[in-house]
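J.: Here is a sequence with its predicted model. Questions after.
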Amino acid sequence: MKITLLDGHAANPGDISWEAIQALGDLTVYERTPSEKVLERIGDSDIILLNKIKITRDIIARCPKLKYIGVLATGYNVVDTAACHEKGIVVTNIPAYSTDAVAQHVFAFILAFTNRVAEHSASVHAGDWIKNPDFCYWLSPLTELSGKRLGIFGFGNIGQKVARIAHALGMEVLIHTHSEKSYTGDEKNVPTEALFAESDFISLHAPLTDETANLINEKTLALMKPSAILINTARGGLVDEKALRKALDANKIAGYAADVILQEPMNADSPLYQARNCLLTPHIAWAAKETRERLLRIARENIEAFLRGKPQNTV
């Protein structure tokens with residue numbers, strides 16, 4: 001059984017082991033694969049694993065031995081699943097592996113805006129506290145989260161985890177969801193307009209679909225409080241980045257924080273590059289070592305289930 005992993009570096013830059021997957025077949029791991037090398041590397045593979053490499057209908061048609069595609073992520077839009085289904089190729093993903101880590105990252109962003117730890121630590125190390133006549137000082141207003149409203153757009157596993165953390169901090173939680181099964185009643189389910197208008201913080205947790213693309217636009221930004229903070233750990237395409245940049249430049253909202261942008265890696269002409277009141281991290285919310293170890297464990301379990309004839313986490 002030939003197994004080929006096309007872009008292994010992101011999931012495992014060397015700090016964890018591939019041994020569990022190596023035990024399942026003849027594994028070849030490529031750290032990265034340019035598009036022109038994809039077919040050459042997987043043409044005779046039975047199983048392929050990938051994260052962000054696109055597998056098109058044409059590629060699928062030219063891989064006669066291919067039986068299984070394992071996406072090392074929750075999102076699987078890089079694979080032409082319709083073509084796979086026509087060929088009887090099983091496609092799996094890794095659902096819910098990063099829930100805790102992403103929810104943690106949301107609050108790292110929120111606390112970066114409310115407590116300003118990095119700025120104050122830099123000030124202290126620059127000697128400002130040594131020169132200060134008082135026992136304390138602050139460089140910008142500090143904010144207590146208790147009593148503030150957090151709006152959550154999308155209420156799947158991550159949105160629900162974010163809500164639980166917010167409740168523990170004494171926040172009021174507004175949500176917008178169409179899924180009644182995920183709604184417990186501890187939060188207030190409101191229309192989109194109310195969520196944007198009434199929230200002090202808004203965290204996006206919706207998938208990217210035709211309905212949610214450019215959810216954040218001139219209209220929704222205009223609904224927000226000038227003091228509001230917007231957080232995106234979901235998908236870059238949820239945001240009209242040009243409209244957002246205009247809002248930030250005009251102080252229409254107080255800040256934006258994102259772990260995802262429309263084009264990754266970032267282009268130098270990105271509207272968000274060096275934007276004011278804008279915190280950006282390079283798609284790392286999922287990347288804690290514990291989270292990546294969980295991802296590889298589930299990837300192995302998915303392959304094992306497929307080999308037993310009972311595939312799981314299929315898409």
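T.: Structure received. Residues are numbered from 1 along each chain as shown.
J.: tell me which residues in the helix or strand E119 falls within are buried?
T.: Per DSSP states H and E: E119 is located in helix 117-125. When burial is assessed from 16 or more other C-beta atoms under 10 Å, helix 117-125 yields the following buried residues: H120, S123. The way it works is simple: take the backbone N, C-alpha and C, and place the C-beta from them, glycine included.
J.: got the contact list for that helix?
T.: L111, A112, W129, W138, L139, S140 (C-beta atoms under 8 Å, 6 or more residues apart in numbering).
J.: Run a quick neighbour tally on the third one.
T.: Applying other C-beta atoms under 10 Å, we find 14 other residues in the vicinity of W129.
J.: Looks to me like it is in a helix.
T.: Yes - judged by DSSP: H, G, I helix; E, B strand; the rest coil, W129 forms part of a helix.
J.: Looks like it contacts Y137 (just checking).
T.: Yes - assessed by C-beta atoms under 8 Å, W129 is found in contact with Y137 at 7.4 Å.
J.: Next, L174: secondary structure please.
T.: L174 ends up strand, using three-state DSSP.
J.: Find me the pLDDT at it, would you?
T.: Predicted confidence (pLDDT) for L174: 98.
J.: How much space separates it from L272?
T.: Here the criterion is C-beta to C-beta, to the nearest Å. By it, L174 lies 26 Å from L272.
J.: and the gap between the spatially closest residue to N51 that is not a sequence neighbour and E211?
T.: Leaving aside its sequence neighbours, N51 sits nearest to L72 (C-beta to C-beta, 6 or more residues apart in numbering; 4.7 Å). Distance from L72 to E211, counting by C-beta to C-beta: 27 Å.
J.: Show me which of those two is the more surrounded one.
T.: L72 (25 against 9).
J.: Who are the contact partners of the more buried one?
T.: Neighbours of L72 in contact, by C-beta under 8 Å, 6+ apart: A11, L49, L50, N51, I94, L295, L296, A299.
J.: now, which of those residues sits nearest Q104?
T.: L295 (15.8 Å; C-beta to C-beta).
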